[in-house]
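Asks: model the following, please.
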Amino acid sequence: MSLTLLDWRRRVAALYRHVRDASTPVAGWTLWRDGRAELLRTHPDSPLRSDQPLPTYAHYDPQLRFELPLLPAPPERWEAATATDGMVPFERIGRVEPPGLGRLDVWWLESYGGGVFIPLRDGTSGHTTYGGGRYLVDTVKGADLGGAEGSLVIDFNFAYNPSCAYDPAWACPLAPPGNVLATAIDAGELAP
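Replies: Predicted coordinates:
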């Protein structure tokens with residue numbers, strides 16, 4: 001860990017704050033897409049290697065943005081193996097059900113500081129998007145679109161590739177079975 005990684009996290013958190021304050025969802029998405037490209041291209045802790053092109057994105061689809069209540073789900077523990085942190089523990093705290101798409105488990109990172117985490121693997125995984133899946137919400141890293149009390153904004157247009165999609169030196173938690181949708185969701189960051 002380093003202060004440059006701290007800077008990365010601060011910039012991501014600031015970027016999502018600007019997104020939440022944007023005048024419209026598509027304006028926020030444009031800020032996010034451009035800000036993410038700038039970070040990936042210039043930041044010293046970018047997982048994108050200098051010989052890799054910047055990611056591309058599907059066009060914004062307003063039908064893929066939802067504010068969803070956190071629904072109850074039986075408690076479940078999941079541990080994801082990572083190279084730097086060993087086994088990372090998560091506890092399922094509920095589910096969200098995007099209309100017509102299925103349901104996704106919502107996880108709480110049980111390590112120091114905690115945070116909400118929603119990974120996703122869908123019908124595009126391994127085709128037009130990264131095979132291991134993408135992330136929708138990762139509040140530990142500042143990736144949070146907000147929501148009223150008891151709800152979360154889930155916008156598939158903001159689905160992004162984990163660092164391991166760009167650099168095998170990273171080991172990322174990937175979507176467990178409760179975060180796999182059969183539907184192809186043509187939104188967000190595309191395959192590197």
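
Asks: show me where the protein has helices.
Replies: 3-21, 25-42 (DSSP state H).

Asks: make TSV out of those helices and add mean pLDDT.
Replies: Shown next, in TSV, are these (pLDDT from 0 to 100):
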stretch	mean pLDDT
helix 3-21	94
helix 25-42	97
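
Asks: nearest the middle, which residue of this protein would you pick?
Replies: Nearest to the mean C-alpha position of the chain, counting by C-alpha atoms, centre = their mean, stands Tyr135 at 2.4 Å.

Asks: quick check: Ala187 vs Tyr112, distance?
Replies: Separation of Ala187 from Tyr112 (C-beta to C-beta, to the nearest Å): 32 Å. To be clear about C-beta, it is placed using only N, CA and C from the backbone, and glycine gets the same treatment.

Asks: who has more neighbours, those two?
Replies: Ala187 (24 against 6; other C-beta atoms under 10 Å).

Asks: need the contact list for the residue lying closest to the more buried one once chain neighbours are set aside.
Replies: Closest residue to Ala187 apart from its sequence neighbours, by C-beta to C-beta, 6 or more residues apart in numbering: Phe156 at 4.2 Å. Residues near Phe156 by C-beta atoms under 8 Å, 6 or more residues apart in numbering: Asp61, Leu64, Arg65, Pro98, Leu120, Leu136, Ile185, Ala187, Gly188.

Asks: for Pro53, same thing?
Replies: When contacts are counted by C-beta under 8 Å, 6+ apart, Pro53 touches Pro192.
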